[in-house]
Every structure is written in C-alpha cells, then in structure tokens.
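Peer 1: Here is the input, now give the coordinates:
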Amino acid sequence: MHNSDNEKLNIPSEAVKNEPNDALSALWQAQPVTTINLDEVKANLKSERIKQRWYMVVDSLAFIPAIYVLVDTWEKFTFVAHSIFIFMLLAALPLLIYQLWLRRVAAFSKDSQTADHLMQLTKQIKNNVKIAFITKHSAWTAVLFGYGFLLERYFYGDLTQEKIMRMVIIITSMSTLMLIWYVWAHKRQKRFERQFETLKSMAQRR
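Peer 2: Reported below is the predicted structural model:
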C-alpha cells in the first residue's frame, strides 16, 4: 500500500516534468485517466485538415516558379547550369509527391469517422514529423545547389566585379536564410514528436 501511494504521488510530478509546451499536451493533462475529450480531438483534426490542404496547394504551386525560371532563362545559361536546374527539379519531384502522400491522412479525413478521430490525428502528426525532417534537410541541400550554381557562374559566366559582389551577397543571404529555415524546421520536428508521444499516450488511456 505504501509503494502504491508513492507511485500515485509520483505520477503528477512526472507529467509536469515532461509536459510539452503545446495545445495537445495541455489537452492530455486536462483529461481524467479514463476520459478523452473527443470534441477537442475532433477540433484538432479539423484544424489539421484545413492546414494540410493549404500546404498541399502551396507545395504543388511551388514548382511553377522554378519551371518558369528554367524556361525563361534557358538561353542565358550553359549546359552545366541547365543540368543543375534539371537535376534539382527531378530530385524535388519525388519529395513533393511523398510529402503530398504524407499529408493525405488529415487532408482527406471525414467528419463522419468519429471513432477514428484520435487515430487519424495521431497518424497525421506522425507524418508531420517526417515532413518536418524533410523540410529541415532541404535547407542544406538547397545551399549546396546554390553553391553549385554560383560556381558554374564563376567558371563559365561572364563575370565583372559588380557581378562577383552580387554573387557574394546572394550566397551570404541564402546561407543565412537556410540556416534560419533549418533551425525553424528542427524545432517544428521536435514539437511534432512531442505531440505524437502525447497522442499515443492518450490512445493508451482510452
């Protein structure tokens, strides 16, 4: 009886210690051990559905400017620059398709699937971890492609002092932006991981 009481006393302290700083964790902590607020879970899933649909549109439309730039500047660049552009697009296309597939769980979820709301939300948050991982590593790969293109300009382009200075500004700005992007995506990945663990715990308490 003494050990059992100690265990009961230890549970809240561990929960407070590990409580993630997000809405899902607050939802979990607010529920009794045997009760889950399905209305709150449903609301989170609905919000996730809207966001994932917008993300799918934005991800798909992002290819249009890249293709436009490639076509519009085709005559201005060398075969090496064309190869870099095309390789970058071909590498990005499978990742785009994969991310759209990962977003499908919440994007195409149905309101009528009341019993599956928690399961659907858990699956989507798990997929969000993967999406954030891809987003994080796309930062340094974008920098590599950028360096490759700038090197091509250096060796094959008609460079002037003004163009060299412009290249330095571009590469510095791009590196700074991608560093910020990497840090943001890393924090986003960790937040989704906390949410996923919270949802798994909620599912186990059903």
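
Peer 1: now stretch 43-51, how far from the chain's geometric center?
Peer 2: 16 Å (CA atoms, centre = their mean, to the nearest Å).

Peer 1: do stretch 60-73 as well
Peer 2: Going by CA atoms, centre = their mean, where stretch 60-73 is centred and where its chain is centred differ by 22 Å.

Peer 1: just stretch 190-201 next, same as before
Peer 2: Its chain's average C-alpha position is 14 Å from that of stretch 190-201, according to CA atoms, centre = their mean.

Peer 1: Send over that stretch as PDB, restricted to the C-alpha atoms.
Peer 2: Once non-C-alpha atoms are left out, stretch 190-201 reads as follows in PDB (Å, rounded to 0.1, in the frame of the first residue of the first chain):
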ATOM      1  CA  LYS A 190      10.700  18.300 -32.100                       C
ATOM      2  CA  ARG A 191       7.300  19.900 -31.400                       C
ATOM      3  CA  PHE A 192       5.500  17.300 -33.600                       C
ATOM      4  CA  GLU A 193       7.500  14.500 -31.900                       C
ATOM      5  CA  ARG A 194       6.100  15.700 -28.500                       C
ATOM      6  CA  GLN A 195       2.600  15.900 -29.900                       C
ATOM      7  CA  PHE A 196       2.900  12.400 -31.300                       C
ATOM      8  CA  GLU A 197       4.000  11.000 -27.900                       C
ATOM      9  CA  THR A 198       1.100  12.800 -26.300                       C
ATOM     10  CA  LEU A 199      -1.400  11.400 -28.700                       C
ATOM     11  CA  LYS A 200       0.000   7.900 -28.300                       C
ATOM     12  CA  SER A 201      -0.400   8.300 -24.500                       C
END
